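>>> Sharing a model prediction with you, sequence too.
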Amino acid sequence: MNPQVLPAVLLVLSAVQAFQYQELVRYVDEHKEEYVETLRNWVAVESDSSNVQKRPDLHHMMGMVAQKLQLMGGTVKLVDIGEQELPDGQSLPLPQVVTVQFGRDPSKQTVCVYGHVDVQPAKLEDGWATDPFNLTDLNGNLYGRGASDNKAPVLAWIHAVEAYLALNMELPVNVKLVIEGMEETGSNGLDAMIMAQRDTFFSDVDYIVISDCGWLSRRPALTYGTRGNCYFFAEVEGPKQDLHSGVYGGTVIEPMTDLIGILDSLISPSGKILIPGIREAVAPLSDEEWKRYQDIEFDMDHYKNKTGVHQLMYNNKVDLLAHMWRYPTVSIHGIEGAFSDPGTKTVIPAKVTAKFSIRQVPDMDPAMVRKQVTEHLHSVFAKRKSPNKLKVTMVIGAKPWLSDTQNPLFEAGKAAVKRVFNMDPDLIREGGTIPIAKTFQDVTQKSIIMMPIGGFDDGLHSQNEKISRYNYIEGTKLFIAFLNEVSQIRKARV
């Protein structure tokens, strides 16, 4: 093409794309009540992946996803990922992973979207104000288990593609979706499935998008990093059976006393990790990071009020965000075998197991963390000269994920946010763990972006989980705009 003609052609193309975008936005606004009803139908399915009694509901949920995508004309496959072995030795089939493809134009970019439709447990008596599996529309918010994590974001992506198809508009990129049903319990079988399909389903993928996260404030966000998670069991075993504290108290060395003693060696009252080697592995906060954190919109008073505490660990925004996202933390979650029911049972437990985790960050290796924790606890335990037995086991070793915000994918994300919300996004990291991001990164070697639409106050995993109508509908528009922006990446390279 004549170089002198190129600017005029690009101007015409830009005008056409702007017109198409407005048509797509109009379509979304006209169908928003249908979108809410679809979410209502999805939330009604108790797709709790942690409860094997709910496994039929989970299989039904995956079937609903596949059926909707088939009705849209996508190339849908239900992929078997094996079986789950239960503690009693039995096994049952894992829910199939749904994959779908829209478009096969080799001249276009191919975007792969990941999401999940399983949910955390929820009961009305847990403290919900509404039935957790009956989507309730109150004051502009849609309350229900899984509404924000992750059913609405998955549906928003589906609605984005659906809008193009309904208006007979050509998708600006090829779109693939991978939707699973075991994310809340560790994505059983998914890593192996991704590896097995690296040279088939994922072979032509250019970019991967994950929307299983949320904003930090009222400002839209793009996420470029998550922490990993090393989860431990520390078991102390003593007598052959539980003992009466009045008869045996003062005559035996109690496992619970040993356990509390070694747990106290993990972290100081000020939050300093006491395990040798952990803090030394962490990269120092750079000047660039400090500036980015300083510019992020974050209300510390609101955060404190939301958590219901009188004092936070740190009293300035940068320190708090840094320790939330890019420094490791130790959390003690519970003690199995201890008496925890109401009442005053005077028992000396024969065996107690502490459950704790370390959220690790880039430059920390789970295998090394396991070695450091195990050696530290055994060293502390040995100094107690106890006759009891200590066993330390790491049951989860999920790696952290970090992306380069300078790549074209994030530029496309910024442009899409600017177009829909008329503001620049915050670039944030996530304190939690999304292990599949690291798997995608390692296996496909492709750029990954996390593009959340969930609000900062959605209450993920908590009572009264919700997503706002605004975020759900405008999030659908964001995904439409993002697909268009990604289509420009290749053109910019020509």
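Great, that's in hand.
>>> Can you show me the strands along the stretch 151-300 of the chain?
Listed in chain order, the strands of the stretch 151-300 of the chain (DSSP state E, counting those that start in this stretch) span residues 174-180, 207-210, 221-226, 229-237, 243-244.
>>> for these, which one sits closest to Val420?
Relative to Val420, the nearest member of those by CB to CB is strand 221-226, separated by 12.7 Å. Quick note: C-beta positions are derived from backbone N, CA and C, even for glycine.
>>> what is the rounded mean pLDDT of the closest one?
Computed over strand 221-226, the mean pLDDT rounds to 97.
>>> who touches that strand?
213-215, 325-326, 362, 400-405, 410, 413-414, 417, 425-434, 437, 449-452 (CB atoms under 8 Å, 6 or more residues apart in numbering).
>>> swap the cut-off to 6 Å and go again
Applying CB atoms under 6 Å, 6 or more residues apart in numbering, the contact partners of strand 221-226 are 213, 215, 401-403, 405, 413, 425-430, 433-434, 450.
>>> And for stretch 228-236?
Stretch 228-236 is contacted by residues 255, 258-259, 352-354, 356-360, 366, 369, 388, 390-400, 433 when judged by CB under 6 Å, 6+ apart.
>>> Selecting buried members of these in ChimeraX, what would you type?
The ChimeraX command for the buried members of the contacts of stretch 228-236 (criterion: 16 or more other CB atoms under 10 Å) is given here:
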select :255,258,259,352,353,354,356,357,358,359,360,366,369,388,390,392,394,397,398,399,400,433
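>>> Which of the contacts of stretch 228-236 fall in helices?
Judged by DSSP state H, these include Pro255, Asp258, Leu259, Pro366, Val369 as members of helices.
>>> ok so, going back, tell me the one among the contacts of strand 221-226 nearest to Thr136.
For the contacts of strand 221-226, the residue nearest Thr136 by CB to CB is Trp215; the value is 21.9 Å.
>>> Wait, that closest one touches Ile453, no?
No - judged on CB atoms under 6 Å, Trp215 makes no contact with Ile453 at a distance of 8.0 Å.
>>> And those two? Which one has more around it.
Ile453 (28 against 22; other CB atoms under 10 Å).
>>> and that one, what is it in contact with?
Residues counted as contacts of Ile453 (CB under 6 Å, 6+ apart) are Pro153, Asn471, Gly475.
>>> and what of Met364?
Going by CB under 6 Å, 6+ apart, Met364 touches Ala281.
>>> re the thing from before, now, which of the contacts of strand 221-226 lie within helices?
Going by DSSP H, the helices hold Gly413 from the contacts of strand 221-226.
>>> Dump stretch 449-458 to PDB, keeping only the CA atoms.
Extracted in PDB, the C-alpha atoms of stretch 449-458 (Å, rounded to 0.1, in the frame of the first residue of the first chain):
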ATOM      1  CA  ILE A 449      -3.200 -10.000  31.900                       C
ATOM      2  CA  MET A 450      -5.700 -10.000  34.700                       C
ATOM      3  CA  MET A 451      -8.600  -7.800  33.900                       C
ATOM      4  CA  PRO A 452     -11.100  -7.700  36.900                       C
ATOM      5  CA  ILE A 453     -14.600  -6.300  36.800                       C
ATOM      6  CA  GLY A 454     -15.500  -7.200  40.400                       C
ATOM      7  CA  GLY A 455     -15.800  -4.400  42.900                       C
ATOM      8  CA  PHE A 456     -13.500  -3.700  45.900                       C
ATOM      9  CA  ASP A 457     -16.400  -4.400  48.300                       C
ATOM     10  CA  ASP A 458     -17.900  -7.500  46.700                       C
END
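>>> nearest to Leu142, of the contacts of strand 221-226?
Proximity of these to Leu142 (CB to CB) peaks at Trp215, which lies at 16.1 Å.
>>> Show me this structure divided up by domain.
6-226+400-493, 229-282+327-398 (automatic domain parsing).
>>> what about the first one, distance to the chain center?
Offset of domain 6-226+400-493 from its chain centre (CA atoms, centre = their mean, to the nearest Å): 11 Å.
>>> pLDDT at Leu10, what is it?
Note on Leu10: pLDDT of 38.
>>> So for Tyr293, which of the domains of the chain sits nearest?
Taking CB to CB, domain 6-226+400-493 is the member of the domains of the chain nearest to Tyr293, at 9.1 Å.
>>> residue contacts, Glu176?
No, residue 176 isn't Glu; it's Lys. Here Lys176 is in contact with Gln101, Cys112 (CB under 6 Å, 6+ apart).
>>> which residues does it bridge with?
With DSSP bridges as the criterion, Lys176 is bridged to Gln101, Cys112.
>>> What separation do you get for Tyr248 and Gln120?
Noted for Tyr248: a distance of 40 Å to Gln120, by CB to CB, to the nearest Å.
>>> Looking at those two, which is more packed in?
Each of Tyr248 and Gln120 has its neighbours counted (other CB under 10 Å); Gln120 has more, 17 against 13.
>>> isn't the more buried one right up against Ser462?
No - with contact defined as CB under 6 Å, Gln120 does not reach Ser462; the gap is 8.7 Å.
>>> still on that earlier bit, among the contacts of strand 221-226, which one sits closest to Asp199?
For the contacts of strand 221-226, the closest approach to Asp199 (CB to CB) belongs to Trp401, at 22.5 Å.
>>> how deep is that closest one tucked in, by neighbour count?
Neighbour tally, Trp401, other CB under 10 Å: 27.
>>> The closest residue to Gly214 other than its chain neighbours: neighbouring residues, count only.
Leaving aside its chain neighbours, Gly214 sits nearest to Gly454 (3.6 Å; criterion: CB to CB, 6 or more residues apart in numbering). Residues within reach of Gly454, counting by other CB under 10 Å, total 27.
>>> Equivalent analysis for Gln372, please.
For Gln372, the neighbour count with other CB under 10 Å is 20.
>>> do Ser49 as well
As a measure of burial, Ser49 has 28 neighbours, counting by other CB under 10 Å.
>>> contacting residues for it?
Applying CB under 6 Å, 6+ apart, one finds that Ser49 lies in contact with Leu58, Asp118, Met182, Glu184, Thr185.
>>> try it again with 8 Å
With contact set as CB under 8 Å, 6+ apart, Ser49 has these partners: Leu58, Pro95, Asp118, Val119, Gly181, Met182, Glu183, Glu184, Thr185.
>>> what about the stretch 301-450 of the chain, any weak spots by pLDDT?
For the stretch 301-450 of the chain, no stretch has pLDDT under 70.
>>> show me where it has strands.
Assigned by DSSP E, counting those that start in this stretch, the strands in the stretch 301-450 of the chain fall at 329-336, 347-348, 351-359, 389-398, 401-402, 426-430, 447-450.
>>> want to throw the ones you listed into a markdown table with distance to Ile158?
Formatted as a markdown table, the strands of the stretch 301-450 of the chain follow (distance: least, CB to CB, whole Å):
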| stretch | distance to Ile158 |
| --- | --- |
| strand 329-336 | 35 |
| strand 347-348 | 53 |
| strand 351-359 | 32 |
| strand 389-398 | 27 |
| strand 401-402 | 25 |
| strand 426-430 | 23 |
| strand 447-450 | 18 |
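>>> With distance to Asn316 as added columns, please give the domains of the chain in JSON lines.
Output for the domains of the chain, formatted as JSON lines (distance: least, CB to CB, whole Å):
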{"stretch": "domain 6-226+400-493", "distance to Asn316": "16"}
{"stretch": "domain 229-282+327-398", "distance to Asn316": "14"}
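>>> What about Gly115, how many residues nearby?
With other CB under 10 Å as criterion, Gly115 counts 23.
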